[in-house]
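just a sequence and a predicted model for now, questions to come.
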Amino acid sequence: MITSLIRRSIQALFVILAMTLIVFIGVSVIGNPVDILINPDANAAERTRVIAHYGLDQPLWRQYAIFLQGLLHGDFGDSFVYGRPALGLILERMPATLELAFSALVIALVVGLPLGLYAGLYPDRLSSRVIMSGSILGFSLPTFWVGLMFILVFAVELGWLPSNGRGDTAELFGVRWSFLTGDGMRHLLLPALNLALFKTSLVLRLTRAGVQEVLPQDYIKFARAKGLRESRVISVHVLKNLMIPVVTIIGLEFGSLIAFSVVTESIFAWPGMGKLIIDSINLLDRPVIVAYLMMMVLLFVALNFLIDICYTLLDPRVRMDGRA
């Protein structure tokens, strides 16, 4: 186990190093931020001074070396637009994105798991067919369109829920959270539902497929033959064996909820990392873009590592070194 953990840690370091090179080169060849930051009427001396100030006159390999050196110290450079450390800007917006992503994940699990379990146990019922038809809509409807419809119906027409912002927040562990206040929960509900729609359909269909795959197995038949209650058969034997693919999806999809919440945050003006990265891309704010992308790389690497550990906890037959 320890050897496997060390091996996976080394692999993760190589992945992170490779991604630093890909991200840095990819961002550096896109446009010239000087054209946006400097007034077009500025003279050549002023342009030269600004370019030297941001280190844009250095060769690309030297910029990358400086970037790696700063990365080891947690320094991604200062934002071209805000004049503040890029990592600080990302961390400042991160609680809002984490709150939104976690709320969407909870909704997806609370709704998707029971419905998928029901549809898998009773596939021939009309209600199960209605559930599966609804899951297709969840896959098919564009997120931006659903978000606009939510605003139109629940905010504009009915006036039940607000359409933008985080609302009132309360402090917990030194961080401001919306879910701790009633007004914050009202602001959180629509964007969380919008972000959770696709994930709910995914969890639902995956759970249904897992149930239908597990039910014909011999150990399920044997458990029923021993006279175990149906509730125990489902909770102990069915759910436990379909949780491995579900855990995989939960881990990876939580990362994608954070990384790709850009559309939802833009529609609902949610002040998270997604909205910040959109503004930074428009302004070619390279340090913020690189800091955001590297945070996403670290997040996905960490989630994959945790998923591997969860495998061994859910099923002792699964070993991190790949041996049974």
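Great, that's in hand.

what ranges in the protein fall below the confidence cut-off?
For the chain, the stretches with pLDDT under 70 are 1-2, 4-5, 26-43, 47, 50-51, 53-57, 310-324.

need the longest helix for it.
Identified as the longest helix of the chain according to DSSP state H is helix 86-121.

gap between that helix and the chain center?
Chain-centre distance of helix 86-121: 8 Å, with Cα atoms, centre = their mean, to the nearest Å.

which residues in the stretch 101-250 of the chain form strands?
Taking DSSP state E, counting those that start in this stretch to define them, one finds strands in the stretch 101-250 of the chain at 170-172, 175-177.

and Ala209, which of these is closest to it?
strand 175-177 (35.3 Å; Cβ to Cβ). To be clear about C-beta, it is placed using only N, CA and C from the backbone, and glycine gets the same treatment.

quick check, Pro191 in contact with Thr264.
Yes. With contact defined as Cβ atoms under 8 Å, Pro191 counts as touching Thr264 (5.1 Å).

got the contact list for Leu299?
By Cβ atoms under 8 Å, 6 or more residues apart in numbering, the contact set of Leu299 is Gly255, Ile258, Ala259.

shared neighbours, Pro191 and Thr264?
Counting by Cβ under 8 Å, 6+ apart, the residues touching both Pro191 and Thr264 are Leu100, Gly147, Trp270.

thinking again about what came up before, point out the most buried one among the strands of the stretch 101-250 of the chain.
Highest mean neighbour count of the strands of the stretch 101-250 of the chain: strand 175-177, a mean of 16 (counted as mean count of other Cβ atoms under 10 Å).

Ala96 is in contact with Gly272, isn't it?
Yes. With contact defined as Cβ under 8 Å, Ala96 and Gly272 form a contacting pair (4.0 Å).

which phi and psi values does Gly77 adopt?
Phi and psi for Gly77, reported as degrees, to the nearest 10, are phi 90, psi 170.

mind listing what the residue nearest to it when sequence neighbours are not counted touches?
Nearest non-adjacent residue to Gly77, counting by Cβ to Cβ, 6 or more residues apart in numbering: Pro287, 3.9 Å away. Pro287 makes contact with Phe76, Gly77, Asp78, Ser79, Phe80, Ala86, according to Cβ under 8 Å, 6+ apart.
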